[in-house]
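> after the sequence you'll find the predicted model.
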Amino acid sequence: RMLDPKDINMYSSEPYPFGLDPAWQAATNKIGFLNTYKMKISLIFGVVHMTFGVMLSLWNKLSRKQYHQVLLEFIPQIVFLLGIFGYLVIMIFIKWIMYGANVADPFSEHCAPNLLITFINMMLMKEADVDIKMDKCHGAINYEIYMYPGQGGLQKL
C-alpha cells in the first residue's frame, strides 16, 4: 500500500532528523521515492567532492607559484562548478525545506517545481511554462513556476 505522509494512521509526522525513515521500506511508492532521494544525495556528494578536488588544485598551483594558472584555470573552474552545480544543490535544499506533505498549498509536495525541468530551462535560457495541472497552486505569488522571487532573473545570468 502507498505511504501517505498526510495520513496520521500511516505516519506519525515525526521524521528522522538525519537519514531515511524506515517507514519507506513498507511503502509501494518506495522505489520512486528512494530513486529521486538517492539521485539528489549523489548530486550533493558529487558537487562537494568536485569542489574539494578543485580546491586542492588551487593549493598545488599556489605552492608551485603558478599564479597565472590560478587566474586562467582555477577561477573559471570554480565559477562554472559552483555557478551551475552549486546552484542546483542550493535548489535541492530549497525544495526540501519549502515543500512538504503536511504543508498547505502553494507549498505542498504537489506544487513543488520539477528541478530537472528547472535546470534544463536554465541551461536553454528558456522561460518556465505554467503547469495547468497545478491549478490549486496558483495564488497571489507565482510559486508554481519558481521557488522564490527573482529566480527567473537569477537563472538568466
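Cool, the structure landed.
> now stretch 106-113: buried residues?
Within stretch 106-113, the residues scored as buried using 16 or more other Cβ atoms under 10 Å are 106, 108, 111-113. Using the backbone N, CA and C atoms, a C-beta is placed for each residue, glycine as well.
> apologies, that question was intended for stretch 66-74.
Going by 16+ other Cβ under 10 Å, stretch 66-74 has these buried residues: 69, 74.
> residues contacting it, please?
54, 57-58, 61-62 (Cβ atoms under 8 Å, 6 or more residues apart in numbering).
> any quick ChimeraX command for the buried ones out of the residues you listed?
Provided next is the ChimeraX selection string for whichever of these are buried by 16+ other Cβ under 10 Å:
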select :54,58,61
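> just the contacts of stretch 66-74 now: which is nearest L88?
V54 (16.3 Å; Cβ to Cβ).
> enumerate every residue touching the closest one.
Counting by Cβ under 8 Å, 6+ apart, the residues that V54 touches are 74, 77-78, 81.
> can you tell me which of those are buried?
74, 77-78.
> nearest to I145, of those residues?
The closest of the buried ones among the contacts of V54, once distances to I145 are taken by Cβ to Cβ, is I78, at 29.7 Å.
> nearest spatial neighbour of that closest one, skipping sequence neighbours?
Nearest-residue entry for I78: V54, 5.5 Å, with adjacent residues in sequence omitted and distances by Cβ to Cβ, 6 or more residues apart in numbering.
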